[in-house]
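A.B. asks: Build me a structure from this.
(one chain, ligands or ions: 3)
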Amino acid sequence: MKKFSIAVAGGGSTFTPGIVLMLLDNLDKFPIRQIKFYDNDAERQEIIAKACDIIIKEKAPDINFVYTTDPETAFTDVDFVMAHIRVGKYAMREKDEKIPLRHGVLGQETCGPGGISYGMRSIGGVIELVDYMEKYSPNAWMLNYSNPAAIVAEATRRLRPNSKILNICDMPIGIEIRMAEMLGLKSRKDMVIRYFGLNHFGWWTDIRDKQGNDLMPALKEKVAKVGYNVPIEGENTEASWNDTFTKAKDVFAIDPTTLPNTYLKYYFFPDYVVEHSNPNHTRANEVMEGREKFVFGECRAIAEKGTAKDSKLHVDDHASYIVDLARAIAYDTKERMLLIVENDGAISNFDSTAMVEVPCIVGSNGPEKIVQGKIPQFQKGLMEQQVSVEKLTVEAWIEGSYQKLWQAITLSRTVSSAKVAKAILDDLIEANKEFWPVLK
Ligand SMILES: NC(=O)c1ccc[n+]([C@@H]2O[C@H](COP(=O)([O-])OP(=O)(O)OC[C@H]3O[C@@H](n4cnc5c(N)ncnc54)[C@H](O)[C@@H]3O)[C@@H](O)[C@H]2O)c1
Ligand SMILES: O=P(O)(O)OC[C@H]1O[C@H](O[C@H]2[C@H](O)[C@@H](O)[C@@H](O)O[C@@H]2CO)[C@H](O)[C@@H](O)[C@@H]1O
Ligand SMILES: [Mn+2]
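C.D. replies: Ligands and ions are numbered 1, 2, ... in the order given. Predicted coordinates:
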């Protein structure tokens, strides 16, 4: 049986140890001969890498492990690149969140002006990874979950249309785990779903069990009461995520014929989000004080002790969708998965060039979209506005256009006036000097 070689781009990510543990837990389904970490921050990556080196030696000593900041070393002889970079790291996420809040607009990692700002940083970083992969391992596939996935996906569609890159998000998976729990099912995979939207901007239209029984009525009854806020075994959900899962009930009330992605909260209730935000302490601060501190603390402890035996780092089961995706390509499993792909008729009454999130059948040749047909006027209107925000952002990056980026921010539902959009843009330009192209 062939064993695969994996490059993890963003080796210094807080998610890297959980993904490595998940890969090691799935070696029977997806054998691995080599794991390489690549990051452009040697110091950050080394802390994670030293711990992962010990974890790999203890659990699967046959796997060759390499960590590097040299693209040629990282991208040569790989079958899959698992990409999760954050250009500008948490320091810039904090600015993305706090700058709009100073102007009374919500500050969020992937939505509104913060997401646009992050997109303007990510495009160059992800395109660089695609180019390294194609130069050093032209047959490899990139499984990309670097955010903001909607903008990154549109940028790769425009700039590298023939590249073997699959863009995927774990939010629907996280929500489906909660749906399965609400229904008393063993696994989210017991559900067959229909879904349409843009990344972090979508709706479930149909959910059935494997026998074809409609599960939507039972789910809707529960979501109307608690949103998606149900306890998940083995998961200690943070308060801010619980707020988001609960708020889904208000999002659901706007269109009770579908079930919403939690991210729609930012577009339908921006006033609520601003009122419930602390402009001096945002989600970036919570993540730095929580996940980042925990993961880096555990990694340092593993390196000091020389063993991972007592470590609290845990398998990121949730991330096993990455193995499902790699297996679909490697073994032609024809797995049904939600991916961010060019519409091309999958949503029949929507822009054929839009990057949409729809169920696909994934095999060795990549994804085949499952047609979702016509979508209702309400969602169509919202999506046309949002996809224009994403397309204008990518055009602004390509052309170096101040005007287009101002239009993108103005068009976001989260921003009430062009004057406010301009003020936010000018502050974001100042903060992103090191990362954005020069805008004229
Ligand atoms: N698609 C999804 O559903 C999903 C889910 C979770 C996280 N994410 C994304 O995963 C990424 C990682 O998140 P995190 O919170 O662990 O961030 P993190 O800051 O801990 O890790 C990101 C790493 O990327 C590195 N990096 C930045 N620019 C780079 C470049 N140009 N080349 C190589 N490496 C680079 C950084 O040095 C850092 O080590 C983010 O993009 C996040 O938004 C996506
Ligand atoms: O604020 P963060 O950094 O904790 O999370 C932002 C990311 O949120 C989503 O991923 C979630 C996932 O859906 C949730 O169930 C849980 O497992 O954590 C994940 C990561 O924190 C979203 O899909 C990502 O795109 C965001 O980056
Ligand atoms: Mn996501």
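A.B. asks: which residues touch the residue of the chain found nearest ligand 3?
C.D. replies: Of all residues in the chain, the one sitting closest to ligand 3 is residue 169 (3.3 Å; Cβ to the ion). Glycine gets a C-beta too; all of them are placed from N, C-alpha and C. Residues counted as contacts of residue 169 (Cβ atoms under 8 Å, 6 or more residues apart in numbering) are 145, 149, 199, 200, 338, 340, 357.
A.B. asks: quick one: the second one and residue 198 touch, right?
C.D. replies: When you say that, I think you mean residue 149. No: applying Cβ atoms under 8 Å as the test, residue 149 and residue 198 come out as separate, 9.5 Å apart.
A.B. asks: which residues of the stretch 251-400 of the chain score low on pLDDT?
C.D. replies: Scanning the stretch 251-400 of the chain for pLDDT under 70 picks out no residues.
A.B. asks: With the stretch 51-200 of the chain instead?
C.D. replies: Checking the stretch 51-200 of the chain against pLDDT under 70 turns up nothing.
A.B. asks: Ligand 3 contacts on the stretch 101-250 of the chain?
C.D. replies: Counting by Cβ under 5 Å from the ion, the stretch 101-250 of the chain comes close to ligand 3 at 169, 171.
A.B. asks: Which residues of the stretch 101-250 of the chain lie near ligand 1?
C.D. replies: 125, 145, 146, 147, 149, 169, 170, 171 (Cβ under 6 Å from any ligand atom).
A.B. asks: And the longest helix along the chain, how far out from the chain middle?
C.D. replies: The longest helix of the chain (DSSP state H) is helix 112-136. Centre-to-centre, helix 112-136 and its host chain are 13 Å apart (Cα atoms, centre = their mean, to the nearest Å).
A.B. asks: Pull out the buried positions in that helix.
C.D. replies: Neighbour-count burial for helix 112-136, counted by 16 or more other Cβ atoms under 10 Å, picks out 112-123, 125-127, 129-130, 132-134, 136.
A.B. asks: Taking the stretch 1-150 of the chain, what residue is nearest to ligand 2?
C.D. replies: Residue nearest to ligand 2 within the stretch 1-150 of the chain (Cβ to the nearest ligand atom): residue 147, separated by 4.9 Å.
A.B. asks: right, and that residue touches residue 117 too?
C.D. replies: No: counting by Cβ under 8 Å, residue 147 sits too far from residue 117 to count as a contact (11.8 Å).
A.B. asks: Check the burial of the residue of the stretch 301-440 of the chain found nearest ligand 2 by counting its neighbours.
C.D. replies: At 5.0 Å from ligand 2, residue 318 is the closest residue in the stretch 301-440 of the chain, using Cβ to the nearest ligand atom. Residue 318 sits with 16 neighbouring residues when counted by other Cβ atoms under 10 Å.
A.B. asks: wait, it sits on residue 170?
C.D. replies: Yes: at 6.5 Å, residue 318 counts as touching residue 170 under the criterion of Cβ under 8 Å.
A.B. asks: Count the neighbours of the residue lying closest to the residue of the stretch 1-150 of the chain closest to ligand 2 once chain neighbours are set aside for me.
C.D. replies: Leaving aside its sequence neighbours, residue 147 sits nearest to residue 110 (Cβ to Cβ, 6 or more residues apart in numbering; 5.2 Å). Residue 110 is flanked by 24 other residues according to other Cβ under 10 Å.
A.B. asks: Numbering from 37 from now on, please.
C.D. replies: Let's use 37 as the start, then, which means that last one is residue 146.
A.B. asks: ok, residue 146 - contacts?
C.D. replies: By Cβ under 8 Å, 6+ apart, the residues touching residue 146 are 154, 183, 184, 185, 186, 235, 236, 299.
A.B. asks: Looking at the residues you listed, state which has the most neighbours.
C.D. replies: The contacts of residue 146, ranked by neighbours (other Cβ under 10 Å): first place residue 186, 31 neighbours.
A.B. asks: In this model residue 424 seems to touch that one, though I could be wrong.
C.D. replies: No: contact criterion Cβ under 8 Å: residue 186 and residue 424 do not qualify, at 11.8 Å.
A.B. asks: List the contacts of the closest residue to ligand 1 within the chain.
C.D. replies: Nearest residue of the chain to ligand 1, counting by Cβ to the nearest ligand atom: residue 48, 2.6 Å away. Going by Cβ under 8 Å, 6+ apart, residue 48 touches 73, 75, 77, 80, 81, 83, 84.
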